[in-house]
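Undergrad: Sharing a model prediction with you, sequence too.
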Amino acid sequence: MKGTLVIGSTVADVIISIPHLPQTGEDLNITSQIQRLGGCAFNVSEILNLIGTPYMLCSPVGSGLYGDFVANELEKRGIPCFIRLDTIPNGCCYCIVETGGERTFISKHGAEYLFSQSWMDKVDSSNFDSVYICGLEIEESTGDEIIHYLEKHPEYKVFFAPGARLCQIPRWRLYEIFKMSPVFHLNEIEALSLTKEDDVTTAAVLLNKRTNNDVIITLGDRGSYCYNSSTGKGCFIDGYPTEVCDTIGAGDAHLGAIIAYTKLGYTIEEAVDRANKIASAVVSVIGASLPQEIFKKAISSFN
């Protein structure tokens, strides 16, 4: 089996728990603060690793306090550092978690969001047949470097998660990605915002017309809507109830599971069902990383 190139960020997630988002001028005490490894690309790669499909994490690591943290955490996990940028500080993500588990991100972007086509050209492309990309990196000044690299490799199956800031992605870059016929993965708010539609079924059809590939729209605890490009049919796939700790990394884990299970030969609907279960497990723990024992318990009903 060929692997997946996971292109994107690995960051320090500073997870801050508070009763509610403060109003202007309010004095609010936090209930806890911890630091964990995160970032969309890293979160996706973690699920690929748990499921057991090959991948390469293509995530630049910067300097400074957060860069050292990321480098050390990757080393602990036996994950090679893709490239170290000693003169550019690594950023971090402040994950504000309210009672009830909803998260709000405040990010300081650094070296982890910068990319060069020359770095990717050193990768032996014959070992890979798919690639994950995120809208956050495409939005950045070096986003066209990723696009130009992918244009040289039409053999890759592209999985694209535009993310909450999709409206900040330069339109020409978004159009270039559409030309790559990516599997499109986004949440309900993102899908309706991008298409200007009122329901996910219509939004999925419109997105499929642009990409000519599968479209998956996540619906929180209600599950997902999956549009199968091969059959021209869409369906709702139920979610799995769980006690929510926080929602950090749930979408990343969901797409990581879809990538892995489709590579293992499952249909897109079967993959989304399993992804729903894994995402429900992720929201039951603190942070984005899913302990192996909880992962095994989550998928045991499918075995």
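TA: Here it is on my side, so go on.
Undergrad: Next up, the contacts around residue 34.
TA: Each residue near residue 34 by CB atoms under 8 Å, 6 or more residues apart in numbering is listed here: 14-15, 286-287. Heads up, the C-betas are built off the backbone N, CA and C, glycines and all.
Undergrad: Rebuild those as TSV, extending it with secondary structure, neighbour count and distance to residue 174.
TA: Below are the contacts of residue 34 laid out as TSV (DSSP: H, G, I helix; E, B strand; the rest coil; neighbours: other CB atoms under 10 Å; distance: CB to CB, whole Å):
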residue	secondary structure	neighbour count	distance to residue 174
14	strand	18	30
15	strand	22	31
286	coil	15	34
287	coil	20	30
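Undergrad: neighbours around residue 298, how many?
TA: Residue 298 has 22 neighbours, counted by other CB atoms under 10 Å.
Undergrad: How about residue 74?
TA: Using other CB under 10 Å, residue 74 is surrounded by 19 other residues.
Undergrad: same question, residue 173
TA: So residue 173, with other CB under 10 Å, has 16 neighbours.
Undergrad: Helix or strand: which one has the residue nearest the centre of the chain?
TA: Residue closest to the mean C-alpha point of the chain, counted by CA atoms, centre = their mean, is residue 252 at 3.1 Å. Per DSSP states H and E, residue 252 falls inside helix 250-263.
Undergrad: those helices in the stretch 201-303 of the chain, which residues are they?
TA: 250-263, 268-282, 292-299 (DSSP state H, counting those that start in this stretch).
Undergrad: before we move on, the earlier item: packing partners of the helix holding residue 252?
TA: In terms of contacts (3 or more CB pairs under 8 Å, 6 or more residues apart in numbering; DSSP states H and E), helix 250-263 is packed against helix 40-51, strand 128-134, strand 157-161, strand 183-187, strand 215-218, helix 268-282.
Undergrad: need these in a markdown table with mean pLDDT, mean neighbour count and distance to residue 82, can you?
TA: Converted to a markdown table, these look like this (pLDDT from 0 to 100; neighbours: other CB atoms under 10 Å; distance: least, CB to CB, whole Å):
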| stretch | mean pLDDT | mean neighbour count | distance to residue 82 |
| --- | --- | --- | --- |
| helix 40-51 | 96 | 26 | 10 |
| strand 128-134 | 97 | 24 | 14 |
| strand 157-161 | 97 | 23 | 18 |
| strand 183-187 | 97 | 25 | 23 |
| strand 215-218 | 98 | 26 | 27 |
| helix 268-282 | 97 | 23 | 24 |
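Undergrad: Out of the ones you listed, flag the one nearest residue 256.
TA: helix 40-51 (3.1 Å; CB to CB).
Undergrad: Report all helices and strands that the closest one contacts.
TA: Applying 3+ CB pairs under 8 Å, 6+ apart, one finds that helix 40-51 contacts strand 3-7, strand 55-58, strand 128-134, helix 250-263.
Undergrad: quick one, the last one and helix 268-282 angle?
TA: Following axes from the mean of the first three to the mean of the last three CA atoms, to 10 degrees, one obtains 140 degrees for the angle between helix 250-263 and helix 268-282.
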